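Visitor: Quick one, structure for this:
(chains A and B)
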Amino acid sequence: MPVPGSGLAKGLAVTLRTMTRRSVTAHYPDTLPQLPPRSRGVIALFEENCTVCMLCARECPDWCIYIDSHKETVPPAAPGGRERSRNVLDRFAIDFSLCMYCGICIDVCPFDALFWSPEFEYAETDIRDLTHERDKLREWMWTVPEPPPLDPAAEEPKEVGAARKTADKLAAQQAEAEAEAEADAEPGAGAASEAPGTDREQGNGGQGGAS
Amino acid sequence: MDVADVLWRLAAVLLAFLLLPLIVGQAEHKAMAHMQGRVGPMYAGGFHGWAQLVADGVKFAQKEDIVPEGADRRIFQLAPAVALLPYLVVLIVIPVGDGDAVGQAVDAGVFFVLAVMGVGVLGSLMGGWASANKFSLLGGLRTAAQLLAYELPMLLAAASVAMAAGTLSLPGILESWQWWWLLWQITGGLVFFTAGLAELQRPPFDAPVADSEIIFGAFTEYTGLRFALFLLAEYAGIVVLSALTAVLFLGGWHGPAAADLGWVWTLLKTAVLAFVVIWLRVSYPRLREDQIQRLAWTVLVPLALFQIALTGVVKVVIQ
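Guide: Purely as a prediction, here's the structure:
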């Protein structure tokens, strides 16, 4: 059986011990908080990537994204070609008084034009000032951190794999083209004068050596 | 004793009365915060929120002074003064240092102090009764019940010290105080301090003002400065209780180099006791009304009677 009154002493000890320890208060306005990676502060727009596909505006559950655009025709790239039309972004605004920070717009953007930024200090005194236009959204893009590193032994990100595949394919194509060019050039090498031959060897010595 | 001397003493007492409760209040803000892992006020005044209570006072002064329609107007307005002033009067007779360092030495000091402190509690009772509010009435009645229950052990404990010293005068008690009285009177000291806490309605004995059940009890209808005066009375009460316990049971100005630094010892002991008051508030939950009554009648009163018996026996043996 415990000593009578030991609970009272224990209670006093707990409060006294807590007093000697550092407080856990976050001194927020004086020192900024250490936010965890992938913090959802505000949605930033990388407008160079935006193609005005409207997917974000249509998927938004509370319809807080406003997009205006117009079409421009681009003159044909090659003479005799067809004119192309292109969407040009006029207005991109997010009403953060409606936004519920679900992040669906960011997930759904196929061109990586929307990002989470950890910036969270954008309170306003008027609710109407919470609709932020594209310039402000573009500014927030500068606060988007680089993505945190993957876990060790994690699966390679899909886009990296896709990029490597493309790069490998391009390299293979180029090598093939080189080989063909070399094969075309080989028979004529004896007939040609000395000087162009040395010239070419200097120009792509590495590939010439490899093939 | 000429007029200038009297005025000087009164001014000193008034200064202590205005300053010490604020210091205790600020200490409570900060100590309580740190005991709960917080930091407490940090901005008012610039350095760790030292001016928080000044800011609070300004806020209270700005508020509207409301008297409820059904209230007994004059009694209602008088109550805060009745609650606060007794503590000012008590401070006058508490000796701070050796010899002359007391506002006014009163021969029946213990008697005077206990009588006047009891008047302070009447303030809450008046406020509770005059507010025309059920919560206030409940709070006032609880206050009265608590006063009845705890005045007795407090008196008995104080009587034990008076018996030991053979005098009712506070400076006289300190004159004859010996260090071993600490052990001799320790039971009385604990009873006196606990009963004093209960009379001040400090947690864990704060059922009369329990804000979460009867909305600050007798103070429910008070606003602005009058409410602030009630709060100030609570902190002045802490100062008075701590000082009285220090004088009666911890030897007041006795300590190393007491001739020069006696007042430091008194203030130090008072401060430590005030800290204990705060500490108890943070550590313990509120006692229920019946638990409060049971503690008084079945624990404190017998303990105080035992202390008186012990004091009498030792006193006879010594002689």
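Visitor: Could you use CA atoms for every contact and neighbour count after this?
Guide: OK.
Visitor: which ones are touching residue 111?
Guide: The chain I'm using is chain A. Listed by C-alpha atoms under 8 Å, 6 or more residues apart in numbering or on different chains, the contact partners of residue A:111 are A:49-51.
Visitor: not what I meant, chain B
Guide: Applying C-alpha under 8 Å, 6+ apart, the residues near residue B:111 are residue B:168.
Visitor: rerun at 10 Å
Guide: Remark: with contacts taken as C-alpha atoms under 10 Å, 6 or more residues apart in numbering or on different chains, residue B:111 is in contact with B:155, B:158-159, B:162, B:168-170.
Visitor: Mind checking which of the contacts of residue A:111 are buried?
Guide: Buried subset of those (neighbour count, 16 or more other C-alpha atoms under 10 Å in any protein chain shown): A:50-51.
Visitor: which parts of chain A sit against chain B?
Guide: In this structure, chain A approaches chain B at residues A:8-27, judged by C-alpha under 10 Å from any C-alpha of the partner chain.
Visitor: for the record, mean pLDDT for the helix or strand harbouring residue B:118?
Guide: Taking DSSP states H and E as the definition, one finds residue B:118 inside helix B:109-130. For helix B:109-130, mean pLDDT is 86.
Visitor: Now do the contacts for whichever residue of the stretch 151-300 of chain B sits closest to chain A.
Guide: The stretch 151-300 of chain B approaches chain A most closely through residue B:283 (5.6 Å), counting by C-alpha to the nearest C-alpha. Contacts for residue B:283 (C-alpha under 10 Å, 6+ apart) come out as A:8-16, B:32, B:35-36, B:203-204.
Visitor: burial count for the closest residue to residue A:109 other than its chain neighbours?
Guide: Closest residue to residue A:109 apart from its sequence neighbours, by C-alpha to C-alpha, 6 or more residues apart in numbering or on different chains: residue A:56 at 6.2 Å. Counted with other C-alpha atoms under 10 Å in any protein chain shown, residues neighbouring residue A:56 total 23.
Visitor: tell me the SS of residue A:56?
Guide: Put simply, residue A:56 is helix when judged by DSSP: H, G, I helix; E, B strand; the rest coil.
Visitor: What residues does it make contact with?
Guide: A:63-67, A:103-110, A:114.
Visitor: mind running it again at 7 Å?
Guide: Shown in contact with residue A:56 (C-alpha atoms under 7 Å, 6 or more residues apart in numbering or on different chains): A:105, A:108-109.
Visitor: Looking at those, state which has the most neighbours.
Guide: Busiest of these [other C-alpha under 10 Å] is residue A:105, holding 22 neighbours.
Visitor: Let me see the backbone angles for that one.
Guide: Here is the backbone geometry of residue A:105 (degrees, to the nearest 10): phi -60, psi -40.
Visitor: Look up which helix or strand residue A:89 falls in, please.
Guide: Using DSSP H and E, residue A:89 maps to strand A:84-95.
Visitor: which parts of that strand are buried?
Guide: The neighbour-count check on strand A:84-95 (16+ other C-alpha under 10 Å) flags A:89, A:92-95 as buried.
Visitor: repeat for stretch B:279-293
Guide: In stretch B:279-293, counting by 16+ other C-alpha under 10 Å, buried: B:279-283, B:286, B:292-293.
Visitor: All the helices of the stretch 151-300 of chain B, in order from the start?
Guide: Counting by DSSP state H, counting those that start in this stretch, the stretch 151-300 of chain B has helices at residues B:170-175, B:181-184, B:186-199, B:211-214, B:224-249, B:258-283, B:289-294.
Visitor: would you turn the ones you listed into a markdown table with mean pLDDT?
Guide: Output for the helices of the stretch 151-300 of chain B, formatted as a markdown table (pLDDT from 0 to 100):
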| stretch | mean pLDDT |
| --- | --- |
| helix B:170-175 | 82 |
| helix B:181-184 | 82 |
| helix B:186-199 | 90 |
| helix B:211-214 | 83 |
| helix B:224-249 | 89 |
| helix B:258-283 | 86 |
| helix B:289-294 | 88 |
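Visitor: now those as TSV including distance to residue B:308?
Guide: Output for the helices of the stretch 151-300 of chain B, formatted as TSV (distance: least, C-alpha to C-alpha, whole Å):
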stretch	distance to residue B:308
helix B:170-175	16
helix B:181-184	11
helix B:186-199	8
helix B:211-214	37
helix B:224-249	14
helix B:258-283	23
helix B:289-294	21
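Visitor: mind checking which of these is nearest residue B:48?
Guide: Closest to residue B:48 of the helices of the stretch 151-300 of chain B, according to C-alpha to C-alpha: helix B:258-283, at 18.6 Å.
Visitor: before we move on, back to that, show me what the strand holding residue A:89 is packed up against.
Guide: Strand A:84-95 is packed against strand A:65-74, strand A:131-132, helix A:134-140, with contacts defined by 3 or more C-alpha pairs under 7 Å, 6 or more residues apart in numbering or on different chains; DSSP states H and E.
Visitor: I'd like to know how many residues surround residue B:113.
Guide: By the criterion of other C-alpha under 10 Å, residue B:113 has 22 neighbours.
Visitor: cool, residue B:66 as well?
Guide: Counted with other C-alpha under 10 Å, the neighbours of residue B:66 add up to 12.
Visitor: Distance check, the closest residue to residue B:217 other than its chain neighbours against residue B:16.
Guide: Leaving out its chain neighbours, the residue that sits closest to residue B:217 by C-alpha to C-alpha, 6+ apart is residue B:139, at 3.9 Å. Residue B:139 sits 30 Å away from residue B:16, taking C-alpha to C-alpha, to the nearest Å as the criterion.
Visitor: quick one, which of the two is more surrounded?
Guide: More crowded of residue B:139 and residue B:16, by other C-alpha under 10 Å: residue B:139, with 29 against 17.
Visitor: Great, nothing more from me.
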